[in-house]
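S.K.: sequence and predicted structure, then a few things I'm wondering about:
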Number of protein chains: 2
Amino acid sequence: MSIEHHQHPPVHPPRRTLMGPGPSDVSASVLAALGAPTVGHLDPYFLKVMDEVQDMLREIFQTRNELTLAVSGTGSSGMEACVVNLLEAGDKIVVCTNGVFGGRMADVAGRIGAEVVQIERPFGEVFSVEEIKEVLEKEKPKVLGIVHAETSTGAAQPLKEISEAVHEADALLLVDCVTSLGGMPVKVDEWNIDAAYSGTQKCLSCPPGLAPVTFSSRAVAAMDARKTKVSSWYLDMSMVRSYWGDSRAYHHTAPINMNYGLHQALRLVLEEGLENRFSRHYSNHCALKAGLKAIGVEFAVAEDHQLPMLNAVKIPDGIDDATIRGQLLKWFGIEIGGGLGPMKGKTWRIGLMGESSCNTNVLQFLSALELCLLQAGYELPPGASVAAANDFYRTTITG
Amino acid sequence: MSIEHHQHPPVHPPRRTLMGPGPSDVSASVLAALGAPTVGHLDPYFLKVMDEVQDMLREIFQTRNELTLAVSGTGSSGMEACVVNLLEAGDKIVVCTNGVFGGRMADVAGRIGAEVVQIERPFGEVFSVEEIKEVLEKEKPKVLGIVHAETSTGAAQPLKEISEAVHEADALLLVDCVTSLGGMPVKVDEWNIDAAYSGTQKCLSCPPGLAPVTFSSRAVAAMDARKTKVSSWYLDMSMVRSYWGDSRAYHHTAPINMNYGLHQALRLVLEEGLENRFSRHYSNHCALKAGLKAIGVEFAVAEDHQLPMLNAVKIPDGIDDATIRGQLLKWFGIEIGGGLGPMKGKTWRIGLMGESSCNTNVLQFLSALELCLLQAGYELPPGASVAAANDFYRTTITG
């Protein structure tokens, strides 16, 4: 068998600035940890790494939940792990859908024979506690699923009052924290969240490949009371938790090096401190917003519900989505995201997540976008310029 | 919130020689590739990496199957992907169980409501074409699942005649190649395998985290003819294949850096050449066997069915499993595996997989094992010594 023509060149990725909906920029120390020597999945050293990952995840989820770990798949596997462990065929879930990821949760639940009731809001809007109370009273579900930070729309969903309503209705609260964790407060215990999942490639700034999850004691009790096996062997938490827990029973071979990388990424989050990290995400969001306003680009989400780490903006009239994103990537090495679902071609999604949330990225992006827009014949509003963002940053943030 | 006590030290794994059932030793160039800068999951560069990974996987699976890719999870997720895509509730599968992984396949299939018929062989034995023909005739299943290289027992299952019988019975052949791929021939097209899955951490010598899979056109036709959605959203190949295929439709965010690592690992396999690689695995297996024979340690599997990359041997009478494995790890940094299921405490599993299959590992392990056994009061057979293995290697292999 000839192999000459199959010898592809070694991996040598181009330099990128990752300002899309994730993955975000990864620090050099996380990349180095990824490349640390592999040990066995039951090696005493790796078991210690697993314990420390759990410990740090608890701190970042702001929880004491024993069952807190990293599922061996990307963020969507964390969603599936939560849904299929909490629900059996015939169980009812209410899914609050105001973007792609609420819709995905409904799809996942429907596949295992759960009874799925969706309440919907247009993309970019959020749910009020009143409408949640209404659907809970009417449907009496086992679980209510909702997205904290809709990656597809850039909308932030307030959770505290909704959680109270869910628990008054004796249901379990399942929350998608894929984009919020590490970039804005996710207070699992204070907000009484029963199950939450996230991804590593957003505000934790680790490459994709693991899904942090946490389950309350109420959720664990519900899982222990199941009458049937979990539909997925790979994601069955009754076995996964034995491997991550004291018994260390072999279930599957964990992605050793991915866990090294996550360990280092979590160290960086805690070294910075959660409050400092949230402030940084917010400041850079404000700087970006000021700069976009200066060049006349508007947000797609109302002021009150804008996410700090994912900025969905309206593509100006007459501007072609793919052309501008292509130029940003080709000329400047900057990746931003296009819209999903009904927002496709109408919005851009500009991520300022984790390592990517920094003032140099904000200013590089603004100047690059301005240049691309001018090339495309876009007319800046009178007196507008990127200097306005710079001024904002200098005077307001860095004082 | 105080964070001082949560600051765990950075990842700094001990030096290990990985001679268990996987993960195997990982070359420096694969570790370096893992740590290459992350780009977006739809970046033109990453799409090229995905294409090349598929291309190289096809060569290593010895197939032209279009639908050949790396599932975004560990080997067990590859098993689940194959099972849940090929089967719907009510479909019948015959699973041939002669070890832990056959049993796992039956468990996975049962969870989605498939009708599961198991035929069994004691751990360490393999199935004859006659008993396969018999069960096919009696059960008329949609799928027959079998393990090529049982990682739990070290037994190699011949496949070619079984495949003919399966196709005469108009069934699909599903094969577990987790431990065989890259270490012994896996001829997907020549043997008419309809679906096969593997892991990265065995003979491909990449860290765990991805599961290579391949599906024949017959398997794809069966999947296209499904009446119901696949039970798992995350593993639904009808969507996963759109992301890996020409449409590049977003499904989930692939583990970018794990794919970099796999890309480099596959490059190394093809650079060596499949035949050379299989010969190397076989030679080192023979050297290990000669050395073990010299110190009186016997194989748990009959000569005809021994795997070259996973050597299951009987723990000598009076020797404590955990003590010896603990000493090998602590004193020599060598990891070997214990037995699984009914073989627990009775066998050791010595892996010579991928990078770990080398003469230095064989000789280091033999001398280390000899020392540990002597410490434990084991009496070598008259005239025995590790020198016999050395002689074998020098005269027979490097001759």
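M.R.: Great, that's in hand.
S.K.: for chain B, what's its nearest residue on the stretch 1-150 of chain A.
M.R.: Here the residue of the stretch 1-150 of chain A nearest chain B is residue A:35; by Cβ to the nearest Cβ that distance is 3.5 Å. The C-beta positions use only the backbone N, C-alpha and C, and glycine is treated the same way.
S.K.: enumerate every residue touching the closest residue to that residue other than its chain neighbours.
M.R.: Using Cβ to Cβ, 6 or more residues apart in numbering or on different chains and skipping residues adjacent in sequence, the residue nearest residue A:35 is residue B:35, 3.5 Å away. By Cβ atoms under 8 Å, 6 or more residues apart in numbering or on different chains, the contact set of residue B:35 is A:31, A:32, A:34, A:35, B:257.
S.K.: and the residue of the stretch 1-150 of chain A closest to chain B, how far from residue B:264?
M.R.: Look at residue A:35 and residue B:264: by Cβ to Cβ, to the nearest Å, they are 11 Å apart.
S.K.: residues from the stretch 201-350 of chain A in reach of chain B?
M.R.: A:201, A:207-209, A:229-234, A:250-258, A:260-261, A:263-264, A:267, A:270-271, A:273-274, A:329, A:335, A:340 (Cβ under 8 Å from any Cβ of the partner chain).
S.K.: next step: those residues restricted to helices.
M.R.: Among these, the members falling in helices (DSSP state H) are A:256, A:257, A:258, A:260, A:261, A:263, A:264, A:267, A:270, A:271, A:274, A:329.
S.K.: of those, grab the buried ones for PyMOL.
M.R.: Entered in PyMOL, the line below selects the buried ones among those, by 16 or more other Cβ atoms under 10 Å in any protein chain shown:
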select buried, chain A and resi 256+257+258+260+261+263+264+267+270+274+329
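S.K.: for the ones in helices among the residues of the stretch 201-350 of chain A next to chain B, could you give me a markdown table that also reports pLDDT?
M.R.: As requested, those are exported to a markdown table (pLDDT from 0 to 100):
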| residue | pLDDT |
| --- | --- |
| A:256 | 98 |
| A:257 | 98 |
| A:258 | 98 |
| A:260 | 98 |
| A:261 | 98 |
| A:263 | 98 |
| A:264 | 98 |
| A:267 | 98 |
| A:270 | 97 |
| A:271 | 97 |
| A:274 | 98 |
| A:329 | 98 |
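S.K.: got phi/psi on the residue of the stretch 1-150 of chain A closest to chain B?
M.R.: Backbone torsions of residue A:35, given as degrees, to the nearest 10, read phi -90, psi 10.
S.K.: same question for residue A:205.
M.R.: Per-residue torsions, residue A:205: phi 60, psi 40 (degrees, to the nearest 10).
S.K.: mind listing what it touches?
M.R.: Counted by Cβ under 8 Å, 6+ apart, residue A:205 has contacts A:24, A:25, A:26, A:27, A:30, A:182, A:265, A:268, A:353, A:354, A:355, A:356.
S.K.: distance of residue A:369 from residue A:100?
M.R.: From residue A:369 across to residue A:100, the span is 24 Å (Cβ to Cβ).
S.K.: so between the two, which is more surrounded?
M.R.: Set residue A:369 next to residue A:100 and count neighbours by other Cβ atoms under 10 Å in any protein chain shown: residue A:369 wins out with 25 against 19.
S.K.: lovely, talk soon.
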